[in-house]
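> Return a 3D structure for these sequence lines:
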Amino acid sequence: MFLLYSAPPDLTVHLFSSMTLSHEKEEVEDNTDIIMEGALIARDRVGVQDFVLLDSHTSEAAFLNNLRKRYQENLIYTYIGTLLVSVNPYKELDIYTVTQMQLYRGVNFFELPPHLYAIADNAYRVMCSEYNNHFILISGESGAGKTEASKKILQYYAVTCPTTEQLQVVRDRLLLSNPVLEAFGNAKTLRNDNSSRFGKYMDIQFDFKGAPVGGHILSYLIEKSRVVHQNHGERNFHIFYQLLEGGEKDLLSWLGLERNPQKYAYLVQGRCAKVFSINDKNDWKIVRKAFSIIDFTEKDLEHLFGIVASVLHLGNIQFEEDSNGHAIIRNGTQIKWISKLLGVHLSILQEALTHRKIEARSEEVLSPLNVDLAFYARDAVAKAIYGRTFTWLVNKINGSLANKDSTRKTVIGLLDIYGFEVLDTNSFEQFCINYCNEKLQQLLIEMTLKAEQEEYEMEGIEWEPIPYFNNKIICDLVEQKHKGIISILDEECLRPGEATDLSFLEKLEEKVGDHAHFVTRKLADQKTRKSIDWVDFRLLHYAGEVTYCAVGFLEKNNDLLYRNLKEVLCNSKNGIVRECFLLSELDSRRRPETVATQFKNSLMSLIEILMSKEPSYVRCIKPNENKEPGKFDDCLIRHQVKYLGLMEHLRVRRAGFAYRRKYEHFLQRTKIFIRFPKTLFATEDAFEIRKHLLVSRLQAKYKGRLGKRDYQKKRKAAIKLEACWRGVLARKEAKKRTWAVQIIRKFIKGFINRKKPLCPENTEFVRLVQYKYLMKLRDHIPRNVLDKSWLQPPSILEEISEMLQKICIRNLVQKYCRGVTPERKVQLQQKAVTSAIFRGKKEGYQQSINLPFADTRLKETDISPKVLQLIQGEKVKYATPVVKYDRNGFKARERLLVLTQSSAYVVEMAKIKQKIDYATLKGISTSNLCDGIVVIHVPEDNKQKGDVILQCEHIFETVTKLCMLANKQNLVKVVKGSLRFRIGSGKEGTMVFTVGPEPHVFKAKDGQLTVVSNQAKS
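Sure thing, here's the model as predicted:
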């Protein structure tokens, strides 16, 4: 009996309880690695096989320590949930045998120790069961083991997938396409003896039975510049050395080659033609065998090897200067071989290498080249021939792998692409390679860290966001339209005039100089400037800083081939060259896309392909820079763990839900949940003790019962099958049709009677209409009180819709009211009083609506303590500076207006000039114009000298505060033209309001107080 324990999402651990193992698995139960990983007593030595099980899962030190323990025990694979971390051992390990492949075949993901085969098998099983497409993204920096990992996965599918004699051919071609592409596309670099110098994405196609029936390969940006130049300690592409080392004597003689690579200029620049870790002779045999299986004809191979040899001969052509400073070829040996191998006319080829054809209106002129331009032309031909031949090679392999059956296939994609590179001198190739790695890192972020957290937030799951670095800002810096580095590079390449690498660098400084991830010597601070040359620029990639030398960027991006050289190649008798260089190219006057733009577009297409598939991830880590077995460089690995985002991925996996599937599927696959890792380990140890006895008993009973049941089922099936099957099918079909007719009839009747009262004839139709309307209404409910829109209901639901609308509006109003704070409520109350007094009466009111009222314009500290003492301790509710106009002569005096709970005070410095009790207040007057004049009317008695004339900046705020404190809102009058006010006992004055260009208050010649104000802006 199995129990399902509920565990919170912070830690979920799977323990699968498969009780029966196949006979093949019983044969390998004594596998030492599995016993060592399964035993609790050994865990202190070998670490945990899933980082999610670490107690200190947030500690980088614990992460590295666990990785180190496993690496020292040759356990190079560790999980983070379903992501596999692989550390390159730099030695052969006995974990890739056929026995190991059969062991992992069809086994639940977490049942056996981590392995590349588990990732491959899991993707394959899910693809077969759910009939969807997958891809396995293998990433890491150069030398981390990505290419080897992709080969192991391909071998696993070749061995474990079902196959027939016919499909065996496809399987062999899939496997042997790798050594061919590696020979032409891989090379030794400083960091990797078998570094991929091109990007490769392979789709393996499977039929409905899960058998591999075909494949397709996409290649990306082969590093053509390696053909003509290699850094110290690096080699050219493997095929050159393999041909010289392993090629038959007759073949080399026919190609005009010698076995010694030191005799070829294109092979000696790196000064390491021989590498002890590479056996070129054996590799040549494998490539030759692969050619025969992949369906290359003898003619194809003759032309292909002719191209490889012609590239070597091109490198040995030397140019000299004649008396006119023009380039000439004195030694014609090499060019004769090229002419023979490529099938071009000798004199035409020689002329094309030393002259350039220039079109001037309707005529063509041959311009002699100097020595430097001749070498440039020679190298351009070598790069163009090799680059296009590689594309032809990929297409040829695709033709042999193509499946002609038009039925739907499912695919598993393998992405093996060049890793992140930081060399001593980084050029255009490293820029493209690192941009590619930025895009793949962005894809992983989008599909794991970002997507999973957004899914939790969208579903309303309580979740503490886990921060991570999103490298989209770097991708945008490189690829943004019109503003990115690629667009600026293309602009420099295409613009008329003299464009140089330095002008390109200046354009970068001008357009992206303020970007946080871009630095040049000119833009850098004093400390950084020392490490950047004048022709360099530095990008802060997700994996660290990389300094690029801008020299050669424009030339490599343009990748131009002189027209007369292209004409020579288009007329070649070599079949491959003729396919690669079409005559139609000569007719086109359109400038071809630049290399960077082509690469960007192909990357965008690749990302679209990957986004449409279910992902699996393998993160490869390089343990040291020297490719030494057993050496674990903590600093280097810590840097890789950081920029690969493994700690963030671990935290998301640990905090998140380890399994996200439909509940029914989930329940079928999962048996036990355990909260803590220690409990799991203890459970496993207890299981180890009882396992053998329990398994033997269960197998004995189970096999006997299974055999008996199988016999009985077959006997009954054989007797009844033929008699019953046709009847069952017929009855099922008749029942299905009857049901369909009844449903259709029922809904037609419902539609006809839809306007009648609810009855059996229209009930289901009405219910369906109601359900659809409510489902639509759910997505169209108003979000706030001001939104008056409402989904138009069907006629039968108008009454219900009206009721729902009222409920919705009531809820929105209640929600709004609950959100109003006490301070906001006071403001609204004051604004309501202001509206009642001034709305439509006084100019400037509309402009004051959005301005909040202050509690007071003066603090108590701004009022004289003597005044505060004179008002007998009353609390100041509001105070503001005002200008008071005397009753004699209307002179302006600076005063303060202080409002308390019971009285208003006009204050001068430390004196109270006038006190007005709210109880005796007769009224408040103000004009309808845009001025700050307010007149406070007081009663005729000995205490009061007359009405108070004040001018204040915040007229609406002051009047509102005054009338609310006095509780006499109805005493405020807004007058037009003029108003009368009392000057003293028995005397009255007149105040006239008018509009003028400048606001002004003065005493007119007739003795009246005149107030001039501006016209308020509408």
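> what about residue 620, neighbour count?
A count of nearby residues for residue 620, using other CB atoms under 10 Å, gives 24. Yep, even glycine has a C-beta here, placed from its N, CA and C like the rest.
> Can you pull the phi/psi pair for it?
With angles defined as degrees, to the nearest 10, residue 620 sits at phi -90, psi 140.
> is it true that residue 83 touches residue 617?
Yes. Between residue 83 and residue 617 there is a contact at 4.6 Å, judged by CB atoms under 8 Å.
> joint contacts of these two?
residue 448 (CB atoms under 8 Å, 6 or more residues apart in numbering).
> can you pull the buried residues of stretch 927-939?
For stretch 927-939, a neighbour-count test (16 or more other CB atoms under 10 Å) marks 927, 928, 929, 930, 931, 932, 933, 934, 935, 936, 937, 938 as buried.
> Residue 238: which of these is nearest?
Using CB to CB, residue 930 comes nearest to residue 238 of the buried residues of stretch 927-939, at 86.8 Å.
> Can you give me the distance of that closest one to residue 993?
To residue 993, residue 930 is 10 Å away according to CB to CB, to the nearest Å.
> what do you get for residue 553?
With distances taken as CB to CB, residue 553 is found 74 Å from residue 993.
> Distance from stretch 551-558 to the middle of the chain?
The chain centroid and the centroid of stretch 551-558 are separated by 29 Å under CA atoms, centre = their mean, to the nearest Å.
> Can you list the neighbours in contact with it?
225, 427-429, 431, 489-490, 492-493, 499-501, 504, 535, 594-596.
> In helices, which of the residues you listed fall?
Secondary structure from DSSP state H places 225, 428, 429, 431, 489, 490, 492, 493, 501, 504, 595, 596 of those in helices.
> And the helices in the stretch 51-200 of the chain, which stretches?
Using DSSP state H, counting those that start in this stretch, the helices of the stretch 51-200 of the chain run over 60-72, 98-104, 116-130, 146-160, 165-185.
> and the third one, C-alpha only, in CSV?
Presented in CSV, the C-alpha positions along helix 116-130 are these (Å, rounded to 0.1, in the frame of the first residue of the first chain):
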residue,chain,number,x,y,z
LEU,A,116,22.9,12.2,-19.3
TYR,A,117,21.0,9.1,-20.3
ALA,A,118,18.2,9.9,-17.8
ILE,A,119,17.7,13.3,-19.4
ALA,A,120,17.6,11.7,-22.9
ASP,A,121,15.3,8.9,-21.8
ASN,A,122,12.9,11.3,-20.0
ALA,A,123,12.6,13.5,-23.1
TYR,A,124,12.0,10.4,-25.2
ARG,A,125,9.4,8.9,-22.9
VAL,A,126,7.4,12.1,-22.5
MET,A,127,7.6,12.7,-26.3
CYS,A,128,6.1,9.2,-27.0
SER,A,129,3.4,9.4,-24.3
GLU,A,130,2.3,13.0,-24.9
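> Now do that helix against helix 146-160, angle only.
Here the directions of helix 116-130 and helix 146-160 differ by 60 degrees (axes from the mean of the first three to the mean of the last three CA atoms, to 10 degrees).
> on contacts alone, who are the packing partners of helix 116-130?
Applying 3 or more CB pairs under 8 Å, 6 or more residues apart in numbering; DSSP states H and E, one finds that helix 116-130 makes contact with strand 83-87, helix 98-104, strand 134-139, helix 146-160, strand 410-416, strand 614-621.
> hmm, back to that, inside strands: which ones of the buried residues of stretch 927-939?
927, 933, 934, 935, 936, 937 (DSSP state E).
> Okay then, goodbye and thanks.
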